[in-house]
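**Q** 3D, please:
(one chain, ligands or ions: 1)
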Amino acid sequence: MQDRMIEEALARSDLEVSQEVLRLTRLFIEHLKNVNEKTNLTAITDDESIGTRHLQDSWILYRYIPEQASVIDIGSGAGFPGLALKIVRPDLDITLLDSVKKKVDFLRSALNLLAFDRACAIQGRAEELGRDPAYRDHFDVAVARAVTALPALLELSLPLVRPGGLFIAMKGQDDEISESERVLGLLKGKLKDVVRYQLPDTDQPRSLVIIQKLERTPSRYPRRMAVIKKNPL
Ligand code: SAM
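**A** Predicted structure coming up:
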């Protein structure tokens, strides 16, 4: 990937361009493109779109996450936003979660290549991790982009956040907040902020829906995926 595209994405995100960030981003994107030729990880493959729709859209998060936070990226796919975020926020302790083995294999190979401290990839389902005492009520921050509609996403994600921590959902034009108010109450979350933005080459508004978790998750949540789908909260 051309340095110019990376530099533009950094500048538009108000991030400093450093040789280390350029090197790590180049390594990550070249590895992604190589693996993507054999294994379908992302439909976005040209440098211009990778710069805006993947890198810049991931980097928007950097200012909303506290120093040294433990962060889980739910449904990380090819590493967006979690792995891209770790490049510009090496202080974060990042866990990349995806249910699909080939995606987690790729994420692990990318993490090895970039030789990060405090970063790992887990193969699993968010709703199952949310029942595991090692991960339940655990992370300072959970983030998710393009995983599912907000009411169901809250049930997958909030159980993984510690009381007082944040869940940041990256949504499109419809932020789905009005359908989620009751769910937020059931899951002990509170809407903290909604940040609206637009990427340069798209005409669609996007939003960060920032939720604060107030208390531990009630024991009946998260339910199994079949139940979440059949009987949404
Ligand atoms: N976040 C990435 C992005 O924005 O480019 C990937 C988005 S992709 C549309 C959704 C990803 O979420 C897929 O990789 C899928 O395997 C994963 N996923 C869906 N449901 C999940 C669940 N319950 N637990 C963990 N991963 C899940």
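**Q** and the closest residue to residue 95 other than its chain neighbours, what element?
**A** Nearest residue to residue 95, sequence neighbours excluded (Cβ to Cβ, 6 or more residues apart in numbering): residue 72, at 4.5 Å. From N, CA and C alone the C-beta is placed, and that goes for glycine too. Element membership for residue 72 (DSSP states H and E) is strand 70-74.
**Q** pull that strand out as CSV, backbone CA atoms only.
**A** The C-alpha atoms that make up strand 70-74 are tabulated as CSV, following Å, rounded to 0.1, in the frame of the first residue of the first chain:
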residue,chain,number,x,y,z
SER,A,70,-8.2,-3.4,27.7
VAL,A,71,-10.3,-3.6,24.5
ILE,A,72,-12.2,-6.4,22.8
ASP,A,73,-13.1,-6.0,19.1
ILE,A,74,-16.2,-8.2,18.6
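**Q** what pairs with it, parallel or antiparallel?
**A** Strand 70-74 has its sheet partners listed here by DSSP bridges as strand 93-98 (parallel), strand 139-145 (parallel).
**Q** quick one, phi psi at residue 33?
**A** phi -60, psi -40 (degrees, to the nearest 10).
**Q** what sits against it?
**A** 1, 45 (Cβ atoms under 8 Å, 6 or more residues apart in numbering).
**Q** repeat that with 7 Å
**A** Residue 33 is in contact with residue 45, counting by Cβ atoms under 7 Å, 6 or more residues apart in numbering.
**Q** next one: residue 228
**A** 127, 152, 155.
**Q** what about residue 233, how many residues nearby?
**A** By other Cβ atoms under 10 Å, 18 other residues sit near residue 233.
**Q** going forward can the numbers begin at 17, since that is how I track them
**A** With the count now opening at 17, the last piece we talked about shows up as residue 249.
**Q** please, which helix or strand holds the residue lying closest to it once chain neighbours are set aside?
**A** Distances taken as Cβ to Cβ, 6+ apart put residue 199 closest to residue 249, at 4.5 Å, once the chain neighbours are dropped. Taking DSSP H and E as the definition, residue 199 sits inside helix 197-202.
**Q** roughly how far is that helix from the heart of the chain?
**A** With Cα atoms, centre = their mean, to the nearest Å as the basis, helix 197-202 stands 22 Å off its chain's centre.
**Q** contacts for it next, please.
**A** Under Cβ under 7 Å, 6+ apart, the answer for helix 197-202 is 167, 170, 171, 206, 207, 227, 249.
**Q** correct me, but residue 130 touches residue 40?
**A** Yes. In this structure residue 130 lies within contact range of residue 40 using Cβ atoms under 7 Å: 5.5 Å.
**Q** TSV please, covering the strands paired with strand 86-90 and showing mean neighbour count and distance to residue 32.
**A** Output for those, formatted as TSV (neighbours: other Cβ atoms under 10 Å; distance: least, Cβ to Cβ, whole Å):
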stretch	mean neighbour count	distance to residue 32
strand 109-114	24	20
strand 155-161	24	22
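**Q** tell me which of those sits nearest to the ligand.
**A** Across the strands paired with strand 86-90, the ligand has its closest neighbour in strand 155-161 (3.7 Å, Cβ to the nearest ligand atom).
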